[in-house]
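> predicted model, plus sequence, below.
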Amino acid sequence: MKFNENGTPIAVRKQHEIEQHGDKRNDPYYWMRLTDEQKNAETPDDHTKEVLDHLNAENAYLKKVLSRTEDLQTELYEEMVGRIKQDDQSVPYLENGFYYLTKYEEGQEFPVFSRKKENLEAEEILLLNVNELAKDHAFYQIGGLSISPDNKLLAYGEDTKSRRKYTLKFKEIGSDVYLKDKITNTTGHAVWGNDNKTIFYTVKDSSLRSYKIYRHKLGTNPKEDIEVFHEKDESFITFISKTKSKKYLVIGSASTLSNEFRFLDASQPDGEFKIFQERQEKLEYSISHFEDQWFMRTNLDAVNFKIMTCPLDKTKLENWVDYIPHNEEILVEGMDIFRNFFVVNERIDGITQLRVINRKGESHYISFPEDNHLVFSGKNPDYDTEWFRLRYTSMISPLAVYDYHLENRGIRLMKQQEVLGGFDSSNYKTERINATSPDGKSIPISLVYHKDTKKNGQNPLLLYGYGSYGISLDPYFSSIRLSLLDRGFIYAIANVRGGEELGRKWYEDGKMLNKKNSFDDFICVAEYLKENKFVHPEKLFAMGGSAGGLLMGAVINMRPDLWKGIIAAVPFVDVLTTMLDESIPLTTGEFDEWGNPKDEAYYHYIKSYSPYDNIEPKSYPAMLVTTGFHDSQVQYWEPAKWVARLREFKKDNNPLLFHCDMDTGHGGASGRFKQLKETALEYAFLLWLLQKPGKSE
């Protein structure tokens, strides 16, 4: 391990050549990779020790440099915790005769799950106290809770490594009695057959792809479980679920651009699954059962999706008929089915909407007081109700749970997130504006700031972006964010191409050979905010995580001069090398998002923007890079290598800090308070940079 005169860790360079299509690249930090076996070995080998020494040195360096912010980090953390109602409870929902609740207790990190029979005045029955389960683990995560049809047994997944490999466990409800059955290496979700003794689950391969479905009989040895489906195409994942009607078990296969489903009567769990519609390239669909029909959300001749139906016994494509026709101006995102109504989740001009349709085909939209909002379906397990549960928020309105009467259109507030510490939404303002990209596209921007903040070109601003997988960044409320807003920050979300805010075409225009549009959009938003005096030219910060970390890596290579500082969380920055290595988790399922670089056209295009491959000898902004040692989606070595290479090339004295949490993975720390320590570190980094004149160490 080497250090420069300032104590900065300097990674050792080791020759490692990668050749593809006759193009040779030297990756001197390739050695930082460890296998799962090496990471989990009781006695680390010399290579593992070298990697761990480097990561620990980076963590120590960050702690040293930011030691002057420790009081500020504590202040921020206490602010954030102080806004949280610690003894909190979810709005109960009724399913199969029981009301289900999730509670948090004073000072506790994890939830308590419970239920009450038939009415809310009944005795409370404990399902799981996650605080007890997590107390001996540095990381602890619960997977899906699943109740047997007879309401007697609970199945749940347990992850203690943050690698998203769950062990399924089973317990008797109302007691501490656990069944002997224990199933490892699953996705954490169990689906019950209607016989109360058969469960189905999904397992992962060595690359963490969910690839097989098994059937297990309670009381038998899991080694004897029956494989019921094997997804052999490495670009697909598989999963299993149950229809809302509880009548069918459904196995799904999914890639980025194609789906396929199989179904089986849940009362005959030993039967054979029947294929619904064979996969076709670029045909996406999902299925829902209702009475004598299947309903499908699909992109069949519908770029923004539509709803179709078919008979129960005639599921092939030729039997599909339109129920809600395609509309080029409206993205159909999903649908809830009730006995007498449908509720369709739509997106119009980037804003989420809920449309109610009755059996006569008459429809109306549920109206909301704010134009720039986020609304979506809540938990709605019951067919036979005219009450629809929804969730609503905006950048100044804490998350609220409403029940909406589908017939008479009445609405009742069931609960709104309580923000302690004197929060008043009238103290903040939000707006939605648009910037124009170099090719003429209008890029939506959502803003929030304190009412006393003037748009005079003097403010600090944090710009957040993602722009991949068709994931939309919506204008939601964050009590954590108030710590920046109350210190004069404007917070902005850039809806760059690659998301799906403006419909499916918006996504298509920001992926594959169009990926650079995402970067151009983000840069044009930054320039627009500067030109229109939302931000001081020397106080613009940017942040993104995972694929949003790729966005950060690309824009600092393209326009390092724009940014005062960058936060890149679990950043996907070594795109070319990762996409060439099919042994790495998620790679094979990502070819329809980034392209397969074994195709020469995609190779050169990815190489032209991959952050790691485009670092140059020049000045870069101040940066904080974070990751988790057990990350299952973006391996820790990507940001570790990126930081090492940046240190080698950059020609500035701006701080470059790297934090690798040795206990966590892609989602960061478990527990509702521990996560806030990470955010406090990030915010302290931003505020520290504002206090530093000019160049820094």
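Okay, I see it. Numbering: from 1, shown residues only.
> how about the nearest residue to residue 133, chain neighbours excluded?
residue 140 (6.6 Å; Cβ to Cβ, 6 or more residues apart in numbering). Bear in mind the C-beta positions are built from the backbone N, C-alpha and C, glycine included.
> count the residues that sit near that neighbour.
Residue 140 sits with 20 neighbouring residues when counted by other Cβ atoms under 10 Å.
> isn't there a helix covering residue 31?
Yes - using DSSP: H, G, I helix; E, B strand; the rest coil, the secondary structure at residue 31 is a helix.
> which ones are touching the residue nearest to it when sequence neighbours are not counted?
Nearest residue to residue 31, sequence neighbours excluded (Cβ to Cβ, 6+ apart): residue 14, at 4.8 Å. By Cβ atoms under 8 Å, 6 or more residues apart in numbering, residue 14 lies in contact with 28, 29, 30, 31.
> what strand or helix carries residue 14?
Using DSSP states H and E, residue 14 maps to neither a helix nor a strand.
> next one: residue 48
Going by DSSP H and E, residue 48 is in helix 46-65.
> which elements pack onto that helix?
Using 3 or more Cβ pairs under 8 Å, 6 or more residues apart in numbering; DSSP states H and E, the elements in contact with helix 46-65 are strand 9-10, helix 36-40, helix 637-649, strand 656-661.
> tell me which of the ones you listed sits nearest to residue 621.
strand 656-661 (9.4 Å; Cβ to Cβ).
> what's the closest one in contact with?
55, 58-59, 61-62, 65-66, 620, 622-629, 636, 639-640, 643, 646-647, 650, 668-669, 678, 681, 685.
> again with stretch 603-620
20-21, 23, 25, 513, 515-516, 519, 550, 552-554, 556-557, 560-561, 571, 573-577, 579, 594-595, 597, 638, 641-642, 645-646, 648-652, 654, 656.
> so where is the stretch 451-600 of the chain shaky, pLDDT-wise?
585 (pLDDT under 70).
> what segments of it are helices?
482-485, 504-508, 516-531, 547-558, 575-579, 591-594, 600-609 (DSSP state H, counting those that start in this stretch).
> which of those helices sits closest to residue 289?
helix 504-508 (25.4 Å).
> list the buried ones in that closest one?
504, 506, 507, 508 (16 or more other Cβ atoms under 10 Å).
> and the gap between the nearest residue to residue 565 once chain neighbours are set aside and residue 128?
With sequence-adjacent residues excluded and distances taken as Cβ to Cβ, 6+ apart, residue 565 is closest to residue 622, at 4.2 Å. Using Cβ to Cβ, to the nearest Å, residue 622 is found at 43 Å from residue 128.
> equivalent analysis for residue 228, please.
28 Å.
> in the top strand by length along the chain, which residues are buried?
Scanning the chain for the longest strand, with DSSP state E as the assignment, gives strand 178-192. For strand 178-192, a neighbour-count test (16+ other Cβ under 10 Å) marks 181, 183, 186, 187, 188, 189, 190, 191, 192 as buried.
> correct me if wrong: the fourth one contacts residue 166.
Yes - between residue 187 and residue 166 there is a contact under Cβ atoms under 8 Å: 6.4 Å.
> between those two, what contacts are shared?
With Cβ under 8 Å, 6+ apart as the test, residue 187 and residue 166 both reach 143, 157.
> residue 212 reaches residue 238, doesn't it?
Yes - the criterion here is Cβ under 8 Å, and residue 212 meets it with residue 238 at 7.2 Å.
> so for the two, which residue has more residues nearby?
The neighbour comparison of residue 212 against residue 238 (other Cβ under 10 Å) goes to residue 238, with 23 against 17.
> OK, contacts around the residue lying closest to the more buried one once chain neighbours are set aside?
Excluding the flanking residues, the one nearest residue 238 by Cβ to Cβ, 6+ apart is residue 231, at 4.0 Å. By Cβ under 8 Å, 6+ apart, the contact list for residue 231 reads 210, 211, 212, 237, 238, 253.
> how far away is residue 231 from residue 421?
49 Å.
> now for the closest residue to residue 278 other than its chain neighbours, how many residues are close by?
Nearest in space to residue 278, with sequence neighbours left out and distances taken as Cβ to Cβ, 6+ apart, is residue 260 at 6.4 Å. For residue 260, the count of nearby residues is 21 (other Cβ under 10 Å).
> hmm, residue 273 and residue 260 touching each other?
No - if you go by Cβ under 8 Å, residue 260 and residue 273 don't touch, sitting 11.2 Å apart.
> sorry, back to before: mean neighbour count for the helices and strands packed on helix 46-65 - can I get that in TSV?
As requested, those are exported to TSV (neighbours: other Cβ atoms under 10 Å):
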stretch	mean neighbour count
strand 9-10	18
helix 36-40	13
helix 637-649	22
strand 656-661	23
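> wait, which of those is closest to residue 379?
Closest among the helices and strands packed on helix 46-65, using Cβ to Cβ: strand 656-661, at 31.6 Å.
> I'd like the average pLDDT over that closest one.
What strand 656-661 shows for mean pLDDT is 96.
> what pairs with it, parallel or antiparallel?
Sheet pairing of strand 656-661 (DSSP bridges) gives strand 622-628 (parallel).
> list of residues touching the partner strand?
162, 556, 564-571, 634, 636, 638-640, 642-643, 646, 654-661, 663-668, 678, 681-682, 685, 689, 696.
> quick one: the helices in the stretch 1-150 of the chain, in order.
For the stretch 1-150 of the chain, the helices defined by DSSP H, counting those that start in this stretch cover 36-40, 46-65, 70-82, 130-134.
> pretty sure residue 69 contacts residue 684?
Yes - using Cβ under 8 Å, residue 69 makes contact with residue 684 at a distance of 4.1 Å.
> follow-up on the earlier one: so how far is the longest strand of the chain off the chain centroid?
Here the centre of strand 178-192 is set off from its chain's centre by 23 Å, with Cα atoms, centre = their mean, to the nearest Å.
> between strand 178-192 and the helix or strand following that strand, find me the angle.
Later in the chain than strand 178-192, the nearest helix or strand by DSSP H and E is strand 198-204. In terms of direction (axes from the mean of the first three to the mean of the last three Cα atoms, to 10 degrees), strand 198-204 departs from strand 178-192 by 80 degrees.
> fine by me, we can end here.
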